[in-house]
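Chemist: Sharing a model that was predicted from the sequence below.
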Amino acid sequence: MARLTLPSMLPSPSGKTLAFAFLASILFFLSYLIGIHHLSFSSLLFSSSSPPSLLQCSIPPPFSPLPRLSSSLAAELDFLPRHDADSLIPLPASYLPSIPFCSANFTHYCPCQDPNRERLYPTMHFSHHGRHCPLLTDRPSPPCRVPRPRGYRAPIPWPESRHSVWFTNVPFKKLTVHKADQNWVRIEGDKFVFPGGGTSFPHGVESYVGQISKLVPLKTGEIRTVLDIGCGVASFGNQLLDYNVLTMSVAPRDQHEAQVQFALERGLPAMLGVLSIFRLPYPSRSFDMVHCSRCLIKWVSREGLYLLEIDRILRPGGYWVLSGPPINWKKMYKGWERTPEDLEAEQNGIEDFTKRLCWKKIAEKGPIAVWRKPTNHLHCAIKLKSSRSLRFCEGRDPDNSWYDEMQTCLTPLPNVEQIRDTAGGILSKWPKRLNVVPLRIKSWSVKGVTAENFNRDNRIWNQRLSHYGIYINFGLAGKYRNIMDMNAGLGGFAAALAKYPVWVMNVVPVNASINTLAIIYERGLIGTYMNWCEAFSTYPRTYDLIHADGIFSTYLNKCESIDILLEMDRVLRPEGAVIIRDHVDIIVKTKNEAERLGWQCRMVHSEKGPFHQEKLLIVDNSMKSHITLN
């Protein structure tokens, strides 16, 4: 049977059509080859150890002896393939002017405690020693970096620094002359050494603290946070470390220059401060003990204003330790160069006023006297109704203390039901105190913070610290001792660091949405309030590592990011490190500004991975990136 052949439904192609199709196929194939070649070249370029030159900071040295991870979490970032907005494309460093170093007279510059500016303010009530920050028009122009002193050396690592520091780093001899007979500090070769003497402990600070330990429970974990007013070179706070007690040492920048600078060079917590006009920058009920060793404060002047401030920051049941004049004046007055009548009147005034505060004197031995704050105000309320007693403060936030003037009223404690109750609750002993839910969270005193928030925050910061360890070795031979957290939150970063031989200045910005500093103190940590549009109350080169979580986002449109970076550069030691954590847009901008300071930096992923918008800027400076002025 013959096969039926149907006519074709397709048109017969012409020779011209076939030639066009063949040519198109060749062009498509060539485009494919070129694409593969370009992709391979890009992959090779961006997977190398160096980031694209467009995003590159100064060539970084090794950040840590720990091995670098090969995963994408540890890789330096290339943001351009993922962000094409013009605002995210950084200019090459050559387009941004570098910031020069200031002249040599700025080497020890403290902007808000500048002795030249102090002369413009009255000396009454020591107001000239308070914070007087320069206006924008008074700041160095053009902006400049604070240089290190001639001969500056990498600080002696902890714990050796407890006992000696390099002379060239803190080149001030005045204390060795003025306090030579009291053995505060002396020069031995190219070092300052700290033998542990002091105005009120001629037999040494170890013996002195041993006497106090017999009067207050230093060894039980009940006392963890201490404020030392008029701290000298912080030998008292140094000795308390042997009792697991953390001391905030405070002194003004006065004729005994560089006390606080000596303390920080030793690796001890300290900051510039004075009892003057404003409240101390700490929340109420912060400290388990406040100490003053011959700090020459007229405690009952100004209607007892300074004792009222001590009462505000002391915890219920906390201790006030006073040594030196006028304590035990009958036996001690001959060495104090004051008349017995004068000393008697001063001590009687202190005894009287502490009774009005409802404090109980529990000991007086030698030059040391100890009072204890009541655990509540239930029994004290009746006393306060008498005509000569104090009134309670009304309508004031007891934790608000940033440029907030002291007033002659008694800060009320939280209400209790029974006379034996402790206002606000009984804190856990150290070290349990660090990780249990703080009492102010349990009592809902801090709005928006719950026990669940607190526990989750702890877990998050443990994870973050583990990730930071890729770049920063926190346990490296005492290199990182003084650490600042510029936006401390609940103190999770500091708590995660507790296993290392470090201390953390936990800073809560005054414009933070939630005031968490009281929670930080309840954890047995220390810190202060701060407005980062101003300068911190410390000397230059006093912190080994600065952690900035969300600071540049917080201060966006409030002050210039370069001004914040300049302040970080001022307080950071020359070989110090910085971890900046923020949104990718902010990190890119901050990286550009950091290049102007000559910082050695790189952008990396956070622990959340390459596809999360939160990124890190890791900075690890080297000595050679700084200059020495002759």
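Modeler: Nice, I can see it. In this text the structure is predicted, and so the values were computed from the model without any measurement. Residues are numbered from 1 along each chain as shown.
Chemist: and the closest residue to Cys292 other than its chain neighbours, what are its bridge partners?
Modeler: If the residues on either side of it in the chain are set aside, Cys292 comes closest to Ile229, at 4.7 Å by C-beta to C-beta, 6 or more residues apart in numbering. To be clear about C-beta, it is placed using only N, CA and C from the backbone, and glycine gets the same treatment. Counting by DSSP bridges, Ile229 is bridged to Val250, Cys292.
Chemist: if I read this right, Ile229 contacts Ala270, doesn't it?
Modeler: No. Using C-beta atoms under 8 Å, Ile229 makes no contact with Ala270, being 11.6 Å away.
Chemist: Comparing these two, which shows the higher neighbour count?
Modeler: Taking neighbours as other C-beta atoms under 10 Å, Ile229 and Ala270 compare with Ala270 leading, 29 against 21.
Chemist: Would you confirm that that one contacts Val260?
Modeler: Yes. Counting by C-beta under 8 Å, Ala270 does reach Val260; the two are 4.6 Å apart.
Chemist: anything in contact with each of the two?
Modeler: Contact with both Ala270 and Val260 is made by residues Cys231, Ala234, Ser249, Val250, Ala251, Thr538, according to C-beta atoms under 8 Å, 6 or more residues apart in numbering.
Chemist: among the residues you listed, who's most crowded?
Modeler: Ranked by neighbour count (other C-beta under 10 Å), these have Cys231 at the top, with 30 neighbours.
Chemist: show me the contacts for that residue.
Modeler: For Cys231, the contact set (C-beta under 8 Å, 6+ apart) comprises Gly237, Thr247, Ser249, Val250, Ala251, Gln259, Val260, Ala263, Ala270.
Chemist: List the residues that contact the fifth one.
Modeler: Spelled out, it's Ala251. Ile229, Gly230, Cys231, Gly232, Gln259, Val260, Ala270, Leu272, Gly273, Val274.
Chemist: Leaving out chain neighbours, which residue sits closest to the fifth one?
Modeler: Spatially, and ignoring its direct neighbours in sequence, Gln259 is nearest to Ala251 (4.6 Å; C-beta to C-beta, 6+ apart).
Chemist: pLDDT at that neighbour, what is it?
Modeler: pLDDT, Ala251: 93.
Chemist: so is Ile546 in a helix, a strand, or just coil?
Modeler: Classification of Ile546 by DSSP: H, G, I helix; E, B strand; the rest coil places it in strand.
Chemist: my read: Val226 touches Gln239, true?
Modeler: No. Shown here, Val226 and Gln239 do not form a contact pair, counting by C-beta under 8 Å, at 11.0 Å.
Chemist: Please tell me how far Thr168 sits from Pro149.
Modeler: Using C-beta to C-beta, to the nearest Å, we find Thr168 at a distance of 6 Å from Pro149.
Chemist: Just the closest of the shared contacts of Ala270 and Val260 to Ile382, please.
Modeler: For the shared contacts of Ala270 and Val260, the minimum distance to Ile382 (C-beta to C-beta) is 34.7 Å, reached by Val250.
Chemist: Checking Gly524 next. Helix, strand or coil?
Modeler: Under three-state DSSP, Gly524 comes out as coil.
Chemist: Same question for Asn455.
Modeler: On the basis of three-state DSSP, Asn455 is classed as helix.
Chemist: how about the nearest residue to it, chain neighbours excluded?
Modeler: Leaving aside its chain neighbours, Asn455 sits nearest to Val437 (7.3 Å; criterion: C-beta to C-beta, 6+ apart).
Chemist: who are the neighbours in contact with the one you found?
Modeler: Neighbour list for Val437: Ala451, Phe454, Asn455 [criterion: C-beta under 8 Å, 6+ apart].
Chemist: mind listing what the first one touches?
Modeler: With contact set as C-beta under 8 Å, 6+ apart, Ala451 has these partners: Val437, Ile441, Lys442.
Chemist: Would it be right to say that the second one lies in a helix?
Modeler: Put plainly, it is Ile441. Yes. Under three-state DSSP, Ile441 sits within a helix.
Chemist: what number of residues lie near it?
Modeler: 21.
Chemist: I am finished for the moment; much appreciated.
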